[in-house]
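Peer 1: with the input below, show me the fold.
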Amino acid sequence: MRKNFVLDTNVLLHDPRSIYSFEDNNVVIPIYVIEEIDQFKRDLSELGRNARHVARYLDSHRAEGSLAEGVPLPNGGTLRVAFTTHALPRNLADGNAMDNRILAVAMELKEREQDSEVRFITKDTNLRIRADALGLTAEDFDTERVEINELYTGYAEVSVPGELVDQMYKPNAELEVPAQDALFPNQFLLLKDQTNPSHTAMGRLHPARGKVIPLYRMLKEGVWGLRPRNMEQTFTLDLLLNDDIKLVTIVGKAGTGKTLLAIAAGLHKTTEEGTFQKMLVSRPVFPLGRDIGYLPGDVEQKLNPWMQPIFDNVEFLMNLSRADKKAGRGHHELMDLGILEIEPLTYIRGRSIPNQYIVVDEAQNLTPHEVKTIITRVGDGTKIVLTGDPFQIDNPYVDSTNNGLVHVVNRFKNEKIAGHITMTKGERSALAELAANLL
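Peer 2: Sure, this is the predicted structure:
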């Protein structure tokens, strides 16, 4: 039995191709959704682009028949645009008129087609509650929802005989993959002695050789005066310093060292090894709390408040004294030398970026489409690092399970040129660690 899926406006604005996500069932779009989408079509934002895509998709299907009667979809389902004269109960008629009309379409469809199931799909939590109160089956739209506690961590612990642990400390060591569940390319392993759990060794599954190899040898020396403080930071630096890994995703709570390690490795690769021409750093612009309004100055001056966390990390790595700062030294020295570039994500679309080390901070605020736009800018010889905390999201259109950062982790975990690590141990300060855990 085919189901009827009634889509809300926010579903189409979140993913214009959502109409193709319901297999061989019937997709119903209320005419009032089209009216709401029409209000966004002139915007230059992500919502505006998605609104225009929706209009193009629907217009292309008009050539196949009447949208009012229903047209076939490639997956075997049908697409229909519907309106209604059905009225909601009087006590629910107040509030958003468009929401009421959209709900009314679903209600009429349920009453008219009692032999088929009707599901109302919306990303609006309150609207799902209202739909449920009306007796409708209401669901969120998440084609690839990944609960944060099920997210791939990037490493695993394995118990092995003690002699295998000893072997990892020998020159040019390589181990066969221990017999256990399937491992992903570039996944890290903490090898523990079966008889002495404190006797351990750290390795990474080499995607080409299919063997477990010891970690990057430079980790003991550190990069830009920075040494890893724990196992997770060791894993992270290994990914960041490996030129064969072109995409690195780092997920972690505040204070775990995500951004600092990414910038330190980028400066090392740019200034000391010369692997990349420059380091490009960017982050989405989303205010925390109430915004303070327009900012004066040119693009660089407007970006300064948003990029200050990046500048703080750079100046920490430069090890500037108070006298140095009074003398005017700071991050701008690296920018003047062309080593460091700050770029707003707004201007990345359409660019091709070769031979650079890119850091996208706070990537949890990006939508899956925005992340795709950024990663597809990467040219030959470029490495891109995405960092973020899925529990600190300021973008109202994504959450911890469907943001761009989690989407990339899930999609790239099987790829040989990608690596991921989830960081849980805070190192900023004892107070910051307590706040991250308790608040």
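
Peer 1: which parts of the stretch 201-350 of the chain are helices?
Peer 2: For the stretch 201-350 of the chain, applying DSSP state H, counting those that start in this stretch gives helices covering 231-240, 258-267, 299-317, 322-326, 332-336.

Peer 1: pLDDT wise, what is Asp243 at?
Peer 2: The per-residue pLDDT reported for Asp243 equals 93.

Peer 1: isn't it up against Thr382?
Peer 2: No: counting by CB atoms under 8 Å, Thr382 is not a contact partner of Asp243; they are 11.1 Å apart. Backbone N, C-alpha and C define where each C-beta goes, glycine included.

Peer 1: neighbour count winner among those two?
Peer 2: Thr382 (19 against 11; other CB atoms under 10 Å).

Peer 1: okay, the more buried one: pLDDT?
Peer 2: Thr382 is given a pLDDT of 95.

Peer 1: tell me who's in contact with the closest residue to it other than its chain neighbours.
Peer 2: Spatially, and ignoring its direct neighbours in sequence, Thr382 is nearest to Gln356 (5.0 Å; CB to CB, 6 or more residues apart in numbering). The contact partners of Gln356, by CB atoms under 8 Å, 6 or more residues apart in numbering, come to Phe276, Gln277, Lys278, Met279, Leu280, Gly379, Gly381, Thr382, Lys383.

Peer 1: make a PyMOL selection of the buried ones in the residues you listed.
Peer 2: PyMOL command restricting these to the buried ones, with burial defined by 16 or more other CB atoms under 10 Å:
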select buried, resi 276+277+278+279+280+382+383
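
Peer 1: of the contacts of Gln356, which pair is most distant in space?
Peer 2: Maximum pairwise distance in these, criterion CB to CB, is 14.9 Å, between Met279 and Gly379.

Peer 1: for Thr137, grab the count of nearby residues.
Peer 2: Neighbours of Thr137 under the rule other CB under 10 Å: 15.

Peer 1: Tyr397: which element?
Peer 2: Under DSSP states H and E, no helix or strand contains Tyr397.

Peer 1: pretty sure it sits against Asp15.
Peer 2: No: Tyr397 is not in contact with Asp15 according to CB under 8 Å; the separation is 10.7 Å.

Peer 1: neighbour count winner among those two?
Peer 2: Neighbour count, other CB under 10 Å: between Tyr397 and Asp15, Asp15 has more, with 22 against 16.

Peer 1: the more buried one: what's it in contact with?
Peer 2: Ser21, Asn50, Phe141, Thr143, Pro368, His369.

Peer 1: tell me the pLDDT of it.
Peer 2: If you check Asp15, the pLDDT there is 84.

Peer 1: distance of it relative to Lys372?
Peer 2: From Asp15 over to Lys372 the distance is 12 Å, taken as CB to CB, to the nearest Å.

Peer 1: strands - which of the contacts of Gln356 land there?
Peer 2: Among the contacts of Gln356, the members falling in strands (DSSP state E) are Lys278, Met279, Leu280, Lys383.

Peer 1: what would those look like in JSON lines with distance to Asn100?
Peer 2: As requested, those are arranged in JSON lines below (distance: CB to CB, whole Å):
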{"residue": "Lys278", "distance to Asn100": "53"}
{"residue": "Met279", "distance to Asn100": "51"}
{"residue": "Leu280", "distance to Asn100": "47"}
{"residue": "Lys383", "distance to Asn100": "50"}
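
Peer 1: quick one, strands of the stretch 1-150 of the chain?
Peer 2: All strands of the stretch 1-150 of the chain, identified by DSSP state E, counting those that start in this stretch, fall at 4-7, 26-30, 71-72, 78-82, 118-121, 137-139.

Peer 1: tell me the strands beside the fourth one, with direction?
Peer 2: Based on DSSP bridges, the strands next to strand 78-82 in the sheet, each with its direction, are strand 26-30 (parallel), strand 71-72 (antiparallel).

Peer 1: please point out which parts of it sit buried.
Peer 2: Buried residues in strand 78-82 (16+ other CB under 10 Å): Thr78, Leu79, Arg80, Val81, Ala82.

Peer 1: got a pLDDT number for the second one?
Peer 2: As summarised for this prediction, Leu79 has a pLDDT of 93.

Peer 1: does it have beta-bridge partners, and which?
Peer 2: Val27, Val71.

Peer 1: quick revisit: dump the helices of the stretch 201-350 of the chain to CSV, plus distance to Pro161, mean neighbour count and mean pLDDT.
Peer 2: Formatted as CSV, these follow (distance: least, CB to CB, whole Å; neighbours: other CB atoms under 10 Å; pLDDT from 0 to 100):
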stretch, distance to Pro161, mean neighbour count, mean pLDDT
helix 231-240, 21, 24, 92
helix 258-267, 33, 25, 92
helix 299-317, 41, 16, 75
helix 322-326, 52, 10, 73
helix 332-336, 48, 15, 84
